[in-house]
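# got a predicted model here, sequence first, then my questions.
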Amino acid sequence: MRGIKRAVVLLTVLVVALVVIAFVLENQQGVSLSFLGLATGQVPVSVFVIVALIVGMLIGPLLGVLVRTRRHKSVPVGRG
């Protein structure tokens, strides 16, 4: 059973890696981003999208942990 799980995980990682490579290769046109008076140089659009994805993947779970801990602290202890 463990071998099947490893094969599925390996196949999933491989597919995701191929999709990311295809996305990067298809989005090579340069763009400049301007936000709150700060501007970047010409960078491929895929860089901005991948950075936004990574930041979201980091911030999302952190916010989930914060919400869970706050909810856990605010729940009254059982009346038993």
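Alright, I've got the coordinates.

# alpha carbons only for contacts and neighbour counts from here, please
Noted.

# the one residue sitting closest to the centre of the chain: what secondary structure?
Centrality entry for the chain: nearest residue to the mean C-alpha point is residue 57, 2.7 Å, by CA atoms, centre = their mean. The three-state label given to residue 57 by DSSP: H, G, I helix; E, B strand; the rest coil is helix.

# so what's it scoring on pLDDT?
We have a pLDDT of 88 for residue 57.

# residue 79 too?
pLDDT at residue 79 comes out at 59.

# and what of residue 74?
According to the prediction, residue 74 has pLDDT 69.

# stretch 20-37 - what's its average pLDDT?
87.

# now do the contacts for residue 24.
46-47 (CA atoms under 8 Å, 6 or more residues apart in numbering).

# would you double-check that it falls in a strand?
No: according to three-state DSSP, residue 24 belongs to no strand; its state is helix.

# start the count at 844 instead of 1 going forward.
Yep, numbering from 844; the last one is residue 867 now.

# hmm, back to that, gap between the residue nearest to the centre of the chain and residue 861?
19 Å (CA to CA, to the nearest Å).

# with residue 914 instead?
To residue 861, residue 914 is 39 Å away according to CA to CA.

# tell me the contacts of residue 904?
Residue 904 makes contact with no residue, according to CA under 8 Å, 6+ apart.

# I am finished for the moment; much appreciated.
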